[in-house]
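K.L.:
Below is the sequence, then the predicted model.
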Amino acid sequence: MNKGIHRCPSSLQMENTYVPELLDGTEEGLYLGLDLGGTHLRVLLLELAHGTPIREQVKKYHINSDLRVGSAIRLFDYLAECVSDFVIEQGLQDVELPLGFTFSFPMIQHSLDIGMLVTWTKTFNCPDAMNVDVVNLLREALDRRGDTKVKVIAILNDTTGTLIQGSTLDHNTAIGLILGTGSNACYLERADRVEHWETERHGEREVIIDIEWGAFGDNGVLDFIKTDYDRENDANSLIANSFTFEKYISGKYLGEIVRVVLAKLTKDGLLFVGEHTPGSLLVPGNLTSDLVSDIEQDSVDGGNSSTRKVLMKFGIIPDEEDVKIVQYVCEVVSNRAALLVSICLAVLLKRIDKESVTIAVDGSLYKHHPRLETWIKQYIPLLAPKHEFKMIHAEDGSGKGAALVAAIAQRLQERLN
Ligand code: GLC
């Protein structure tokens, strides 16, 4: 982290988000949020009074897989189409609306409204957007339509949105964590520690830093924990040899690691002995992380019905031993993820070093996995015994956070004018 923040070679990008403060209670009016990066695309409208949301409208849009891996122009035209569909549906096409854009991929930020894409991750790969300012791509797409008066005024990461949304629930919030399709965290850093700062400074005391911990280990520093299963998981991923840490822990990959382990045990004649070869279990991507969560629920309840149901989907009728082995594999893989996340959070708590820090969390894996949170809450006190912390769920942090950051951005702009 220190190397990253001092701009020395590091697999932790430690990106300045240019969000130097939280809501201060003076924000008023209508703000739009656009959220791209997870399972769905979302557009939302927040009405704020005294910095607090008093009305919210959200609409989810599906993004086809061909849009996720096609040309950037097509993807951004679709984003603009969804924004204007939503705005027109709200009857707000003639109102000048500030928009915050949650773009949950690594970016180099030159300011609060300039974000150059470093690389795609998770389920996206539109190569022609690399090294391009995605705010500009969105503005151009909105201009091509010309049917609304939306103004893109801020770009942010989903972890930043989660931190800001969390801070409306608990003012001690200083960490935003996503455990979803991908995984990442951001935190409130002391401004004097931050070297990469391209805009004029105005006496900021703090600023949110996007760690981009998904890429941790891309320089080899985490190879010592890499197993053959991780290597196969990486080889089966959309972009191999990148996002080492994310591939150990996040929702896009946990199921795949479990699948790789089960396939190996089956091939070695240690699992599903006597069953016909479970062909579909051998297909990459077939065992998703929500199924791991279902199996984990059995381990919590001491049952086996979910595990059997999941295996039936693969045409497997397991015996008792098979069930235990499958549950054990899910536990080991999930527990490793919980421990790795806890180690990073413990380090962050020590770095922030405030009396009590609240960690705002969101993401599909966090919501659906029945015991990640329990484990994390057990491990952190062992790793950072002197640091008090709380974890809260910042529901839809990446969506609401987008609109909230737009409100902060507008306030900062008005202060300068
Ligand atoms: C990936 C992205 C990161 C995002 C995370 C969670 O790691 O690179 O920006 O925060 O996924 O969605």
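P.N.:
Alright, I've got the coordinates. Residues are numbered from 1 along each chain as shown.
K.L.:
By proximity to the ligand, which residue of the stretch 201-350 of the chain wins?
P.N.:
Residue nearest to the ligand within the stretch 201-350 of the chain: G214 (3.1 Å; C-beta to the nearest ligand atom). For the C-beta atoms, the positions are set from N, CA and C on the backbone; glycine is no exception.
K.L.:
Is that residue located within a strand, as I assumed?
P.N.:
No - secondary structure assignment places G214 outside any strand; it is helix (DSSP: H, G, I helix; E, B strand; the rest coil).
K.L.:
so it touches S183, yeah?
P.N.:
Yes - look at G214 against S183 with C-beta atoms under 8 Å: they come within range, at 5.9 Å.
K.L.:
what is in contact with those two at once?
P.N.:
245-246, 250 (C-beta atoms under 8 Å, 6 or more residues apart in numbering).
K.L.:
follow-up on the earlier one: tell me who's in contact with the residue of the stretch 201-350 of the chain closest to the ligand.
P.N.:
Taking C-beta under 8 Å, 6+ apart, we find G214 in contact with 106, 121, 182-184, 243, 245-246, 250.
K.L.:
Now do the contacts for the nearest residue to it once chain neighbours are set aside.
P.N.:
Nearest non-adjacent residue to G214, counting by C-beta to C-beta, 6 or more residues apart in numbering: E246, 3.4 Å away. With contacts defined as C-beta under 8 Å, 6+ apart, E246 is in contact with 121, 182-184, 213-215, 252-253.
K.L.:
How about N233?
P.N.:
247, 253, 256-257, 260.
K.L.:
what would the residues you listed look like in a markdown table with distance to N335 and neighbour count?
P.N.:
Formatted as a markdown table, the contacts of N233 follow (distance: C-beta to C-beta, whole Å; neighbours: other C-beta atoms under 10 Å):
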| residue | distance to N335 | neighbour count |
| --- | --- | --- |
| K247 | 16 | 26 |
| Y253 | 15 | 27 |
| E256 | 17 | 24 |
| I257 | 12 | 27 |
| V260 | 17 | 25 |
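K.L.:
Distance of whichever residue of the chain sits closest to the ligand relative to G38?
P.N.:
Distance from the ligand to each residue of the chain (C-beta to the nearest ligand atom) is smallest for G182, at 2.4 Å. For G182, the distance to G38 (C-beta to C-beta, to the nearest Å) stands at 8 Å.
K.L.:
Find residues that contact each of the two.
P.N.:
Joint contacts of G182 and G38 (C-beta under 8 Å, 6+ apart) are 104, 122.
K.L.:
now, which of the contacts of G214 lie within strands?
P.N.:
183-184 (DSSP state E).
K.L.:
Please name the nearest non-neighbouring residue to Q297.
P.N.:
P370 (4.9 Å).
K.L.:
how about the helices in the stretch 201-350 of the chain?
P.N.:
228-235, 244-249, 251-267, 289-301, 305-313, 320-352 (DSSP state H, counting those that start in this stretch).
K.L.:
check contacts around D234.
P.N.:
240-241, 244, 247.
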